[in-house]
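Q: The following comprises the amino acid sequence and a computationally predicted model.
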Amino acid sequence: MNILFVHPNLCKRAYNQICAICKYTPHTPYLLYGEPDVSAMNLADNVKRFCASYKKVFRFRKIPYIYKFFRRVIRRYCKEWDIDLIHAFNMPDDVAVAAIETKTVPVIFDVRDMVTSFSKKLLAKRVLPDKFLKVHPIYKLTSDSVSLYVSNMEKKAIEESTARVFSTECMLEYSRDRYNIDDNNIVFYNYALDDESPGKKEKKYSSYDGEIHTGFTGNISIHDEYRNFLPLFKKLANKKIHVHMHVVTKDKASLLACKKVAEDNRYLHFYPPMPVTKILRELSKCDFGLLPFSTKVEKKYFDLILPNKLFDYLSAGLPVASTDIQCVKRFLEINEVGFIYENEEDLVAKLLENMGKFTVKPEKFLIGSNIKKLTKLYENIAG
């Protein structure tokens, strides 16, 4: 089966699925995309290597960022590559709508995030420079217009697609409450790649010094409340709990801030950029992985997601300590792979209390062990 993946901002979720389909199934993926998601670990470099190593079964094309061309481009490559099925990703949703409107082959809509769960302010920030966010008439007009547009696109993409793939159960439930959809739906998590998992167990840092070592990977921003984790990390360090920081950001000020706090405190450890496999190997030496998102902002959005880093930690064999995010809480309880904390004091107490209590089986959270669930949907839809 020839499957066309369509994604203007290629994310780690889509990349992992394509890699898994190439490696574990007889199907052939093709790709239309614009740029890799810069917030994902080493994704641009990985995509280049992927194109080279899978060149016999993988075609690379850039897709234009103008909506009126989407249908034309998708229709063209469906014919040229003899496509049986389109797997279209959201963010933005209008690309999936364009795929649906080509009326060529069945379209599966992959929902990484529910765009209507974003606040109007966050939506406006995606299209307005910061200085205009403070100008009330401009901000209101823009936020209202963007909110209406993305709501319409999300509704059309979800209701008119042949089938849907949601990244969490919470998103599926949200969509059922909000939209008129049939039963052609599956939940497929943001599983980690098998090739990036450390595999063999590394000796824990704590086995050398008897202290608790936590790990963090992902974006840190000193400019955004919900991504500024340095105050928490400093508090953990003051309680003699180590934090190993593998920071993924293009913001130089945030990188310098992370590096500076690590220079001033022996319990904070800053690592230079490195390949994903090495990051996960280093993390596997820790005792816990941290999901410290603030629940004070964008709570509606966060309550629906399971972040990529959750599966990065699990693939490294780490139990997870998370703030009270509804979907994460449900996941940790069902799988018994971590705990929720309420505040810094509660986190410290639970880290001490839960040392050595969780057993994480990485293979359960790798995409190779789960890809059949996705390909079964392909086969049911496209035959």
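A: Sure thing, it's come through. Numbers count the residues shown, from 1 in each chain.
Q: Would you tell me which helix is longest in this protein?
A: Among the elements of the chain assigned as helix by DSSP state H, the one spanning the most residues is helix 136-160.
Q: Can you show me the CA trace of stretch 265-278 as CSV?
A: These are the backbone C-alpha positions of stretch 265-278, laid out as CSV (Å, rounded to 0.1, in the frame of the first residue of the first chain):
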residue,chain,number,x,y,z
ASN,A,265,25.2,24.6,41.6
ARG,A,266,26.6,21.1,41.7
TYR,A,267,23.1,19.5,41.7
LEU,A,268,22.2,21.0,38.4
HIS,A,269,23.8,19.5,35.2
PHE,A,270,23.6,21.1,31.8
TYR,A,271,24.4,19.1,28.7
PRO,A,272,25.4,20.4,25.2
PRO,A,273,23.4,19.3,22.2
MET,A,274,23.8,15.6,21.3
PRO,A,275,22.0,12.9,19.3
VAL,A,276,18.7,11.6,20.6
THR,A,277,20.1,8.2,21.2
LYS,A,278,22.8,9.6,23.5
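Q: Give me the mean pLDDT for that stretch.
A: This predicted structure assigns stretch 265-278 an average pLDDT of 93.
Q: can you offset everything so residue one is 28?
A: Okay, residue one is now 28; in that scheme the one you just asked about reads as stretch 292-305.
Q: Identify all contacting residues around that stretch.
A: Contacts with stretch 292-305, where a contact means Cβ atoms under 8 Å, 6 or more residues apart in numbering, come from 68-69, 73, 220, 222-223, 225, 260-261, 263-264, 267-275, 285-286, 288-290, 306, 309. For glycine as for every other residue, the C-beta is placed from the backbone atoms N, C-alpha and C.
Q: one step back: name the helices or strands packed onto the longest helix of the chain?
A: Judged by 3 or more Cβ pairs under 8 Å, 6 or more residues apart in numbering; DSSP states H and E, helix 163-187 is in contact with helix 121-129, strand 134-138, helix 147-152, helix 157-160.
Q: quick one: which of those is nearest residue 318?
A: Residue 318 sits nearest to helix 147-152 of all those, at 19.4 Å, using Cβ to Cβ.
Q: what about stretch 301-319, start to end distance?
A: For stretch 301-319, the separation between the terminal residues is 22 Å (Cα to Cα, to the nearest Å).
Q: how does this protein divide into domains?
A: Domain segmentation of the chain under automatic domain parsing yields 29-147+177-218+394-409, 221-392.
Q: Show me the strands in the stretch 228-377 of the chain, by range?
A: Counting by DSSP state E, counting those that start in this stretch, the segments of the stretch 228-377 of the chain that form strands are 240-245, 269-274, 295-297, 315-318, 347-349, 365-367.
Q: Out of those, which one sits most buried?
A: Looking across the strands of the stretch 228-377 of the chain with neighbours counted as mean count of other Cβ atoms under 10 Å, the highest average goes to strand 315-318: a mean of 26.
Q: before we move on, the earlier item: mean confidence score for the longest helix of the chain?
A: Mean per-residue pLDDT for helix 163-187: 82.
Q: what does the following helix or strand past that helix rub up against?
A: Read in the C-terminal direction, the helix or strand following helix 163-187 is strand 190-193, with elements assigned using DSSP states H and E. Outside of strand 190-193, the residues within contact range by Cβ under 8 Å, 6+ apart are 114, 133, 135-138, 185, 199, 202, 208, 211-215, 401, 404, 407-408.
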